[in-house]
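Student: Below: sequence and its predicted model.
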Amino acid sequence: MSTKFLGSSFTLRQPIFMPFKSSTFTMATCIHTPRTETPPHTNPKIDDDVFNNFARFYRPDSPDLVSCVPISEKRSKPFSINPDEKAFDLWQLMKEEARSDVDQEPILSNYYFSSILSHDSMESALANYLSMKLSNSSLPTGILYDLFLEVLREDQEIMRAVNDDLRAVKERDPACISYVQCFLNFKGFLACQAHRIAHNLWSQGRKILALLIQNRVSEVFAVDIHPGAKIGRGILLDHATGVVIGETAVIGNNVSILHNVTLGGTGKVSGDRHPKIGDGVLIGAGTCVLGNVRIEDGAKIGAGSVVLKQVPARTTAVGNPAKLIGGKENPIKLDKIPSLTMDHTSHISEWSDYVI
Amino acid sequence: MSTKFLGSSFTLRQPIFMPFKSSTFTMATCIHTPRTETPPHTNPKIDDDVFNNFARFYRPDSPDLVSCVPISEKRSKPFSINPDEKAFDLWQLMKEEARSDVDQEPILSNYYFSSILSHDSMESALANYLSMKLSNSSLPTGILYDLFLEVLREDQEIMRAVNDDLRAVKERDPACISYVQCFLNFKGFLACQAHRIAHNLWSQGRKILALLIQNRVSEVFAVDIHPGAKIGRGILLDHATGVVIGETAVIGNNVSILHNVTLGGTGKVSGDRHPKIGDGVLIGAGTCVLGNVRIEDGAKIGAGSVVLKQVPARTTAVGNPAKLIGGKENPIKLDKIPSLTMDHTSHISEWSDYVI
Amino acid sequence: MSTKFLGSSFTLRQPIFMPFKSSTFTMATCIHTPRTETPPHTNPKIDDDVFNNFARFYRPDSPDLVSCVPISEKRSKPFSINPDEKAFDLWQLMKEEARSDVDQEPILSNYYFSSILSHDSMESALANYLSMKLSNSSLPTGILYDLFLEVLREDQEIMRAVNDDLRAVKERDPACISYVQCFLNFKGFLACQAHRIAHNLWSQGRKILALLIQNRVSEVFAVDIHPGAKIGRGILLDHATGVVIGETAVIGNNVSILHNVTLGGTGKVSGDRHPKIGDGVLIGAGTCVLGNVRIEDGAKIGAGSVVLKQVPARTTAVGNPAKLIGGKENPIKLDKIPSLTMDHTSHISEWSDYVI
């Protein structure tokens, strides 16, 4: 089955990277091209166009980030907000949230002052908070702060991703009550931002610093992401404990990954050996995806699965070994983006095998 | 199958909470009422009365906590010990254990003095030890200590639960050599007590502090329990790394949960979306229970299982997807309380599929 | 099936321990004895002698540690290097690597000086680094340093194992770029060495200190190894988060274990209740092995598996419940040592069930 992978379903105004330049991927050149190569066996009850139209308007830096209403109700929505304005707005909003939190809990005044209120930018606050978390007695906060701030100031793509990630967590996780709570309390968010800094250093050839950050993140947050891994925007690492992501893994935009998920390699071969995760994918808790396999756009992988093969776009794979819901020949196609709905169990729970 | 859930099998003298007041649960009003609605297909070789009679005398604050001998040998056992006396006794016992430990390892004198021997109550020692563990450079020990001590002094239900948890760990985990070792070294125990404090604050509407504690527990112990979750007494979180428990989860009394267990939600819906775990349940390592499903009293779930459906009382569910040992129509009924026996594999290892 | 377990396939010049002295194991007395009891159903296409010959020359303290080329190409290789010389060489090499790292990142001068360059031996550097990691405000670095250094200086078997572990990580993990990076950044390596110290103390009867170290390792590295567990040399704990190893577990030499692996007990019985892992075994991420079962030499267990039964030598077990690739009667035999190849998926990915 020849399936387009990444790029076809989600349009990004400012993509951080184009992960699939390799000739092994057929990149769609124009998303408005009619899909003439639609697989013949797709489940007839779901209209591909609904998903595609929705996806076309879906942007990681738009306020629509997490909406799951049908596209027909959203077409008139404008996309006029300047992303830099929005970044500024989000930081101001977080400061207001912080002031409100201090009003409620005056004993946390110093904590909020040093973490949020004393800073004049998100860059400074993030550099400070991460350096406080990742320092130890042989690695002073000051060295990390200077390093992190320099990277965040020079690489504005990271700050745009930070903003998208904050929105992703706030919108997708019903347990997240404010942006400032995400910033201060979600170790998956913090681990992801520390990785973005480490990846920047890795890409500059500063491998020693990058590996040191990876190690401290693994110790402090129990999240082990190799600095070589490429991660898109609008990422939710929910709960995050035990997540392991290998060196040559690539993760698209607007992906949601639960705790204890492994994107692992196999064998001692160097080179490209880890999974490639498309846009809008949801991966449930405890799942292992092993080897250089593609999980295509909008796919959902159930909790506790073991995946060693490609998963087609918008399908649901579950089990150990993972199989497609609906069968290999005619898998059920999702009509909503699973990373946004965070719906782990529909289709799965109706699957006959899951009757206890 | 209409099955009574919680309340029918275990009688608590001082229940911490009545988790299932919702009209969706049929609460048994009297445990002595004959069970006229016994399911027709229960395995005939196990006498329900044996289990029920045993359960009737089972109390989380009694010295019988961990016994698994048939009830016939235990009926004459008195239950006259005053729980407050017992709490006092346990603390004195822990101080004696601490002195003995210092005699063996004088280099730990200061450690035991600051952690145990300098305190005049379990409340003070626990508040101090947790605040030491959960503090960091922007969150001083003193603020946490005052907060924790206030909660522990005002909420004596927590202290009774602490006592029951200490007994649970000591009795059920063969690797636990003394109460003071459990208090000092078992991060599952410490994470559970920090959660009890966070839950108290959450219930008072002090959400900001509650979420801060949740985050620090997740970082320090790799245990992520939402402060909204309701957890009974006599809990063993064994090894504990990677445990995730969602906001609307409810856990009964005398439950044993291994590491990497997820009691997770599904979807972005707020509201009641997490599992309900009955009394006496045992959940093996790496298992995911997802959605608002009930795991009924005395059920056992094998390691590495994925559970999306209700599990009937005293049955054993294993696998991905989980199935009942003995089959759906006539599952084998357990005659002992699995959370107390900690027997993860009987029935399971005899199951034909597990022959390698 | 009567199968020889451990000792038959790998010859150690200086074994740390002889884990299987129990009469329940049939120890091979001479590895050159022809295997007259070869199972009748072994897959004919793999020549047992190739594996055995390779294994015969395989030594954990030799430079051949990680080679997987057929033995025919290696027979002429000399084994003349003195292990003590080699230990010295490795430490000198690490210091050189450290100097080179500082040249690249001068901001890390103090970090490398205090961690590596100020020490005159690996023992001192390791005692210092572990004590820095495992100390906290109530457990000063100094107490731990003195304790660790004393153990490492007196127990040279540990230092030989440290050397073998450093080589194992460097050779088997393509993400490991130097020995000093392994030493500084691999929490699985550090957790394993802290365990070796704790096991020494446990064996001396100093249980209180041993359990305290276990707890701190579990908090700091999220690796929970009971100090009673016996672990061989040349061990790779890759990523390591969530690893749990029980009190009576035994792990042979040259074993590779991924993150979230449980070697767990079952039941409340004290006594011998945990798995026995042979030499050269590879265990994939998220796998649970429960009970006193043997995983024989050179076996491979796929990610996400649940194993409750013995796994024969050189076979591959996968799934939940785990089954042998090739079937119970005639399982496919591996011709390479899986812990060294780190090949998690060959045979498995070709298995029909893994076709999505």
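Tutor: Ah, there it is. Numbers count the residues shown, from 1 in each chain, chains lettered A, B, ... in the order given.
Student: Might one say that residue A:265 is in contact with residue A:247?
Tutor: Yes. The pair residue A:265 and residue A:247 passes the contact test of Cβ atoms under 8 Å, sitting 7.4 Å apart. C-beta: built from backbone N, CA, C; applies to glycine.
Student: Can you tell me the element the residue lying closest to residue A:136 once chain neighbours are set aside falls in?
Tutor: Spatially, and ignoring its direct neighbours in sequence, residue A:136 is nearest to residue C:132 (7.1 Å; Cβ to Cβ, 6 or more residues apart in numbering or on different chains). Secondary structure assignment for residue C:132, by DSSP states H and E: helix C:122-134.
Student: quick one, the longest helix along chain A and helix A:122-134 angle?
Tutor: Ranked by residue count and defined by DSSP state H, the top helix of chain A is helix A:83-104. Interaxial angle, helix A:83-104 versus helix A:122-134 (axes from the mean of the first three to the mean of the last three Cα atoms, to 10 degrees): 60 degrees.
Student: After helix A:83-104, which helix or strand is next?
Tutor: Past helix A:83-104, the next helix or strand by DSSP H and E is helix A:109-112.
Student: show me the contacts for the residue in the stretch 101-250 of chain A positioned nearest to chain C.
Tutor: Residue of the stretch 101-250 of chain A nearest chain C, by Cβ to the nearest Cβ: residue A:215 (3.7 Å). Residues near residue A:215 by Cβ atoms under 8 Å, 6 or more residues apart in numbering or on different chains: C:184-187.
Student: can you give me the mean pLDDT across stretch A:123-134?
Tutor: Taken as a whole, stretch A:123-134 has an average pLDDT of 98.
Student: swap that for stretch A:248-259, sorry
Tutor: If you average the pLDDT values across stretch A:248-259, you get 98.
Student: Okay, now that stretch: how far is its last residue from its first?
Tutor: 20 Å (Cα to Cα, to the nearest Å).
Student: interface residues of the stretch 251-356 of chain A facing chain C?
Tutor: A:260, A:262, A:264-270, A:273, A:286, A:288, A:290-291, A:304-311, A:317, A:320-324, A:328 (Cβ under 8 Å from any Cβ of the partner chain).
Student: Repeat the analysis, applying 6 Å as the threshold.
Tutor: A:262, A:266-268, A:270, A:288, A:290-291, A:306, A:308-309, A:311, A:317, A:320-321, A:324 (Cβ under 6 Å from any Cβ of the partner chain).
Student: Now, of those, which are buried?
Tutor: Buried by 16 or more other Cβ atoms under 10 Å in any protein chain shown: A:262, A:266, A:268, A:288, A:290-291, A:306, A:308-309, A:311, A:317, A:320-321, A:324, out of those.
Student: The stretch 101-250 of chain A: strands as residue ranges?
Tutor: Along the stretch 101-250 of chain A, counting by DSSP state E, counting those that start in this stretch, strands occupy A:224-225, A:230-231, A:236-238, A:244-245, A:250-251.
Student: Compare the ones you listed and give me the one nearest residue B:158.
Tutor: strand A:236-238 (28.2 Å; Cβ to Cβ).
Student: Show me what that closest one is packed against.
Tutor: Using 3 or more Cβ pairs under 6 Å, 6 or more residues apart in numbering or on different chains; DSSP states H and E, the elements in contact with strand A:236-238 are helix A:156-172, strand A:256-258.
Student: so what's the residue nearest the centre of chain A scoring on pLDDT?
Tutor: Residue closest to the average C-alpha location in chain A (Cα atoms, centre = their mean): residue A:235, at 2.1 Å. At residue A:235, the predicted lDDT confidence score is 98.
Student: swap in residue A:71?
Tutor: pLDDT, residue A:71: 28.
Student: How much space separates the residue of the stretch 101-250 of chain A found nearest chain B from residue B:216?
Tutor: Closest to chain B within the stretch 101-250 of chain A is residue A:185: 3.7 Å, counting by Cβ to the nearest Cβ. Counting by Cβ to Cβ, to the nearest Å, the separation of residue A:185 from residue B:216 is 9 Å.
Student: how is chain A carved up into domains?
Tutor: Domain ranges of chain A: A:89-222, A:229-355, per the TED database.
Student: Determine which stretch of those domains is the most buried.
Tutor: Among the domains of chain A, domain A:229-355 has the highest mean neighbour count (mean count of other Cβ atoms under 10 Å in any protein chain shown), at a mean of 24.
Student: pLDDT weak spots in the stretch 51-200 of chain A?
Tutor: A:51-88 (pLDDT under 70).
Student: Those residues of it touching chain B, which are they?
Tutor: Checking the stretch 51-200 of chain A against chain B by Cβ under 6 Å from any Cβ, the hits are A:101, A:104-105, A:107, A:111, A:114, A:132, A:174-175, A:181, A:185, A:187.
Student: Which members of the residues you listed are the farthest-apart pair?
Tutor: Checking these with Cβ to Cβ, the most distant pair is A:114 and A:174, at 29.2 Å.
Student: Which residues does stretch A:250-257 contact?
Tutor: Residues outside stretch A:250-257 that contact it (Cβ atoms under 6 Å, 6 or more residues apart in numbering or on different chains): A:6, A:19, A:60, A:230-237, A:276-283, A:339.
Student: next one: stretch A:92-111
Tutor: By Cβ under 6 Å, 6+ apart, stretch A:92-111 touches A:112, A:116-117, A:178-180, B:138-139, B:143, B:208-209.
Student: Make JSON lines from these and add distance to residue A:160 to it.
Tutor: Putting the contacts of stretch A:92-111 into JSON lines (distance: Cβ to Cβ, whole Å) gives the following:
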{"residue": "A:112", "distance to residue A:160": "25"}
{"residue": "A:116", "distance to residue A:160": "20"}
{"residue": "A:117", "distance to residue A:160": "23"}
{"residue": "A:178", "distance to residue A:160": "20"}
{"residue": "A:179", "distance to residue A:160": "15"}
{"residue": "A:180", "distance to residue A:160": "19"}
{"residue": "B:138", "distance to residue A:160": "27"}
{"residue": "B:139", "distance to residue A:160": "30"}
{"residue": "B:143", "distance to residue A:160": "35"}
{"residue": "B:208", "distance to residue A:160": "28"}
{"residue": "B:209", "distance to residue A:160": "32"}
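Student: and the two most separated of the residues you listed?
Tutor: Longest span within the contacts of stretch A:92-111, Cβ to Cβ: A:179 and B:143, 23.6 Å.
Student: check contacts around residue A:284.
Tutor: Contacts of residue A:284 (Cβ under 6 Å, 6+ apart): A:258, A:302-303, A:344.
Student: Go through the residues you listed and say which is closest to residue A:333.
Tutor: Nearest member of the contacts of residue A:284 to residue A:333, counting by Cβ to Cβ, is residue A:302, at 15.9 Å.
Student: My read is that that closest one contacts residue A:320, right?
Tutor: No. Using Cβ atoms under 6 Å, residue A:302 makes no contact with residue A:320, being 9.8 Å away.
Student: got the contact list for residue A:289?
Tutor: A:263, A:275, A:307.
Student: Return the distance of the second one relative to chain B.
Tutor: Remark: distance between residue A:275 and chain B (Cβ to the nearest Cβ, to the nearest Å) = 20 Å.
Student: same deal with residue A:288?
Tutor: 11 Å.
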